[in-house]
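> Turn this into a model:
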Amino acid sequence: MKTAIFGLGYVGCVSAACFASEGHQVIGVDINEDKVKIINSGKSPIVEPGLDDKIHTAVNGNLLRASSDFYQAVKNSDISLICVGTPSQKNGAVLLDFIYKVAEEIGKALKQTERYHVFVIRSTVPPGTLDNSLKIIAEVSGKEVGKDFGGCSNPEFLREGSALKDFYAPPYTVIGEYDERSGSTLAQLYISIDAPLIRTDVKVSEMVKYANNVFHAVKVAFGNEMGTICKNYGVDSHKLMEIFCMDDKLNLSPYYLKPGFSFGGSCLPKDVRALAYQAKSMDLDLPLISSLMPSNQEHTHRAVDMVLSHGKKSIGILGLSFKGNTDDLRESPMVDVVETLIGKGYHIRIYDRNVQLAKLFGANKEYINQKIPHISNLMVDDAADLVKNSELIIIGNRNEEFIDVLKQLNGSQSVLDFVRIFKDLNNTNNNYEGICW
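Predicted coordinates for the structure are as follows:
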């Protein structure tokens with residue numbers, strides 16, 4: 001495939017060399033003439049193990065060349081991979097000027113060409129960047145996106161020092177496609193790469209790299225903070241984390257990583273508080289661990305604000321315990337929501353098959369008596385009756401029973417889902433809203 005790569009920095013150089021080595025005809029484009037000359041001489045302008053040999057072989061095999069001519073690059077290619085820099089500004093915002101400048105130049109080139117072309121952003125950019133770029137191209141070229149040209153988001157997952165290995169063995173290849181034709185064209189470029197190919201919405205693709213990198217940062221900070229408190233206890237932190245990482249059922253897994261409601265129950269809040277207190281008692285400043293409870297509480301506040309924004313006073317709650325298929329009410333965030341709404345004069349009805357007040361005892365009963373002793377006046381035994389007499393339905397925990405209950409809505413009621421009870425949102429209507437989706 002004839003491919004133009006704009007921006008011969010780290011990602012651009014690696015991508016150019018590797019795609020060329022896979023047999024694609026690659027033109028690397030950069031305004032820096034020194035980079036152009038270095039690549040055309042068969043050398044790498046950056047330091048990366050194995051890259052010099054890759055570029056040398058590709059250049060000698062007439063599969064890779066570099067240029068500063070935007071027009072010729074677009075004219076002689078089917079696809080453009082945009083790998084220019086997106087540096088941080090002083091306020092933390094991403095500078096997208098280089099992306100949009102390339103889009104403008106490509107628009108000028110497309111104005112003078114007739115072939116279908118796909119504009120692909122490989123740089124890390126916030127959601128909406130591809131849409132804005134395609135608008136620029138359409139405006140400058142006078143051509144129609146989806147007809148005369150297409151667009152994709154295609155984030156990279158290359159680590160410095162192991163970029164060649166990462167290129168050929170990525171965790172996945174993500175294509176956020178403007179339309180099917182755009183995605184299918186780009187997919188041809190990856191036909192020899194052995195990795196799961198994910199074709200998804202553009203904005204989802206644009207967020208993937210941010211999710212990955214921020215989570216990596218969280219892991220580094222978590223490891224360092226655990227190490228800090230371990231050192232003060234005389235605990236070997238590396239032995240601890242070796243054991244921690246052996247758990248791939250919960251610790252290193254998709255579990256707990258689905259957006260939903262606040263955490264609760266008898267374990268997480270108690271243990272987070274305990275570790276934060278231990279650190280504080282040792283005069284250790286551990287910002288990540290200390291932020292967990294405030295962050296959790298803020299998410300509960302966010303849920304309450306969403307309820308208030310609907311302006312409906314009659315509220316039906318499906319699920320009160322902190323987790324579906326349990327009767328544990330201790331530190332259930334739904335109890336906090338109920339308490340707040342009662343205080344603001346809302347009429348509340350609650351249905352939870354697993355929470356039968358007559359059978360509550362021990363810590364559970366004590367918690368209810370202390371937190372919301374008047375809960376018995378709020379509980380109902382008939383979910384259908386609750387739905388019928390409520391203006392707003394809140395899904396408080398995950399119970400498959402609630403899916404059938406929601407089928408009884410009369411069309412005028414709204415649903416506020418805290419747990420994403422529906423996997424496929426196509427089954428919902430305009431009266432449905434998720435807490436963070």
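
> gap between the lowest-mean-pLDDT helix or strand in the chain and the chain center?
Between all helices and strands in the chain, the lowest mean by mean pLDDT, DSSP states H and E belongs to helix 362-371, at a mean of 72. Taking C-alpha atoms, centre = their mean, to the nearest Å, the mean C-alpha location of helix 362-371 is offset from the chain mean by 37 Å.

> One more: stretch 93-106?
Relative to its chain's centre, stretch 93-106 lies at 23 Å (C-alpha atoms, centre = their mean).

> buried sites along that stretch?
Neighbour counts over stretch 93-106 (16 or more other C-beta atoms under 10 Å) mark 96, 98-100, 102-106 as buried. Glycine gets a C-beta too; all of them are placed from N, C-alpha and C.

> cool, stretch 226-235 as well?
226-230.

> Go through those residues and flag which are in strands.
Filtering those for membership in strands, criterion DSSP state E, returns an empty set.

> export these to JSON lines and tack on pLDDT and distance to residue 176?
Converted to JSON lines, the buried residues of stretch 226-235 look like this (pLDDT from 0 to 100; distance: C-beta to C-beta, whole Å):
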{"residue": "226", "pLDDT": "97", "distance to residue 176": "35"}
{"residue": "227", "pLDDT": "96", "distance to residue 176": "37"}
{"residue": "228", "pLDDT": "96", "distance to residue 176": "39"}
{"residue": "229", "pLDDT": "96", "distance to residue 176": "40"}
{"residue": "230", "pLDDT": "96", "distance to residue 176": "41"}
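
> Include distance to residue 383 when you put these into CSV, please.
Supplementary listing: these in CSV, determined by distance: C-beta to C-beta, whole Å:
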residue, distance to residue 383
226, 43
227, 48
228, 48
229, 45
230, 48
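
> Restricted to helices, list the residues you listed.
Restricting the buried residues of stretch 226-235 to those inside helices, with DSSP state H as the criterion, leaves 226-230.

> picking that back up, tell me what the least confident helix or strand of the chain is packed against?
Using 3 or more C-beta pairs under 8 Å, 6 or more residues apart in numbering; DSSP states H and E as the contact definition, the elements that helix 362-371 packs against are helix 333-343.

> mind checking how far the helix it packs on is from the chain centre?
29 Å.

> Now the following helix or strand past it: average pLDDT?
Moving toward the C-terminus from helix 333-343, the next helix or strand (DSSP states H and E) is strand 347-351. If you average the pLDDT over strand 347-351, you get 96.

> So which bits of strand 347-351 are buried?
By neighbour count, with 16+ other C-beta under 10 Å as the criterion, the buried positions of strand 347-351 are 348-351.

> Spatially central residue in this structure, please.
The centroid of the chain falls nearest to residue 211 when counting by C-alpha atoms, centre = their mean (4.3 Å).

> in what helix or strand does that residue lie?
helix 202-233.

> burial measure for residue 376, as a count.
Using other C-beta atoms under 10 Å, residue 376 is surrounded by 10 other residues.

> before we move on, the earlier item: wait, what's in contact with the residue nearest to the centre of the chain?
Under the criterion of C-beta atoms under 8 Å, 6 or more residues apart in numbering, residue 211 has no neighbours.

> Against residue 174, how distant is it?
Going from residue 211 to residue 174 by C-beta to C-beta, to the nearest Å gives 11 Å.

> Give the next helix or strand downstream of the least confident helix or strand of the chain.
Tracing the chain past helix 362-371, the next element assigned as helix or strand by DSSP H and E is helix 383-388.
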